[in-house]
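> This is a predicted model, with the sequence first.
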Amino acid sequence: MVTKDQRQRQLAREKFLRQQQRRESARRKARTRNTVIAAVLAVAVLGTGGAYAAGAFKSDDKKATAGSEPSASPSASKAPDPCEKPAAGKAKTATWKKEPAMTIDKSADYSMKLATTCGDIGIDLKASAAPHTVNSFNYLASKGFLDHTKCHRLTTEGIYVLQCGDPTGTGQGGPGYTIPDENLKDSSLKKAEKSQGTQLYTYPAGTIAMANTGQKHTGGSQFFLVYKASKLPATYTPFGTISDSGMKVLNKIAKAGAQAADQTTGNTAPNATVVINKGTVTKS
């Protein structure tokens, strides 16, 4: 007999798959619309940055051009904000046309630190297993791309992640380039059940993985931090492991809950004020 809890999880996963299909359709429509608009604007404006639809971990709304997780349930009541005010400064809007050249040493150890308003989140990166991803973040961090960026989404039902890495704070921004999927057979991902013919895997708590548009090789700068084991298709590059102290920060953020979905973006923003004051990547 299927328990009520199992049925709720099944319904959440089925909803997640339906949303992925709807958002992919919206993404294609948006691309066509934006092409027409760009052709008109190009007559008067040159050199403007192209829009980047980042992350199959994105909003549930019809306008979202990427995304594939179920809706997050808003908190019953807003919890006190456990975080500090953001440091002075604004997120950068620079974009690049192509993936940065490979500069990291794939055999070396790298770590990333996200100094947030809620505390520092340390991450051990998997340079040998996900070199393109680690190299990209090494480049973006060196350019200050993550600095002053807001973590725009917290999911609290079905899957349990905090999503960050978009300088626009909308879930639709990115660096202008994409990187390939990597490490999708990482030993940390354990096979779970199938849902409507799709094989799900458990992404364990403490995983940091890439968002994408729902299509292959479309990662940009958006990523998600798993604070509780979550079942997903193995299509999101796992590229690091969050430290114990970082998990305490992440759990503090999760405990504060999420807001109701924004009517424009569909994002369920965390109640906590989660801003990355500075992101750094270090070779050790």
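Now that the structure is in, tell me what you want to look at.
> and Lys255, how many neighbours?
13 (other CB atoms under 10 Å). C-betas here are computed from N, CA, C, even on glycine.
> All further residue positions should be reported with the first residue as 11.
New numbering, starting at 11: the last item is Lys265.
> and the residue nearest to it when sequence neighbours are not counted, what does it touch?
Among residues not flanking Lys265 along the chain, Ala89 sits closest, at 7.1 Å (CB to CB, 6 or more residues apart in numbering). Neighbour list for Ala89: Lys265, Ala266, Gly267, Asn281 [criterion: CB atoms under 8 Å, 6 or more residues apart in numbering].
> so Ala89, which of the three states?
With DSSP: H, G, I helix; E, B strand; the rest coil as the basis, Ala89 sits in coil.
> And Asn148, by the same measure?
helix.
> Find the nearest non-adjacent residue to it, please.
That would be Val291: by CB to CB, 6+ apart, it lies 4.4 Å from Asn148.
> mind listing what that neighbour touches?
Counted by CB under 8 Å, 6+ apart, Val291 has contacts Tyr120, Ser121, Met122, Leu135, Val144, Phe147, Asn148, Ala151, Ser152.
> That one bridge partners, please.
Val291 forms beta bridges with Met122, as assigned by DSSP bridges.
> State the distance from it to Asn145.
As judged by CB to CB, to the nearest Å, Val291 and Asn145 stand 9 Å apart.
> So what are the sheet partners of the helix or strand where Leu210 lies and their directions?
Taking DSSP states H and E as the criterion, Leu210 maps to strand 208-213. Paired neighbours of strand 208-213 in the sheet (DSSP bridges): strand 200-205 (antiparallel), strand 240-242 (antiparallel).
> Could you dump those strands into TSV and include mean pLDDT and mean neighbour count?
TSV is the format used below for those (pLDDT from 0 to 100; neighbours: other CB atoms under 10 Å):
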stretch	mean pLDDT	mean neighbour count
strand 200-205	96	13
strand 240-242	98	22
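> Below-threshold pLDDT in the chain: ranges please.
Where the chain drops to pLDDT under 70, the residues are 11-25, 27-88.
> what ranges do the strands span in it?
120-126, 129-135, 159-160, 163-164, 170-174, 200-205, 208-213, 217-220, 233-238, 240-242, 248-252, 285-293 (DSSP state E).
> Identify each buried residue in the last one, please.
It refers to strand 285-293. Residues Val285, Ile286, Asn287, Lys288, Gly289, Thr290, Val291 are the ones in strand 285-293 that count as buried (16 or more other CB atoms under 10 Å).
> Tell me how far Ala202 lies from Val285.
For Ala202, the distance to Val285 - CB to CB - is 33 Å.
> quick one: contacts for Gly132?
Gly132 neighbours (CB under 8 Å, 6+ apart): Ser121, Met122, Lys123, Ile252, Ser253, Ser255, Gly256.
> just the buried members of the residues you listed?
Ser121, Met122, Lys123, Ile252, Ser253, Gly256.
> still on that earlier bit, using a markdown table, lay out the contacts of Val291 together with distance to Ala219.
Putting the contacts of Val291 into a markdown table (distance: CB to CB, whole Å) gives the following:
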| residue | distance to Ala219 |
| --- | --- |
| Tyr120 | 16 |
| Ser121 | 17 |
| Met122 | 13 |
| Leu135 | 12 |
| Val144 | 13 |
| Phe147 | 12 |
| Asn148 | 17 |
| Ala151 | 17 |
| Ser152 | 22 |
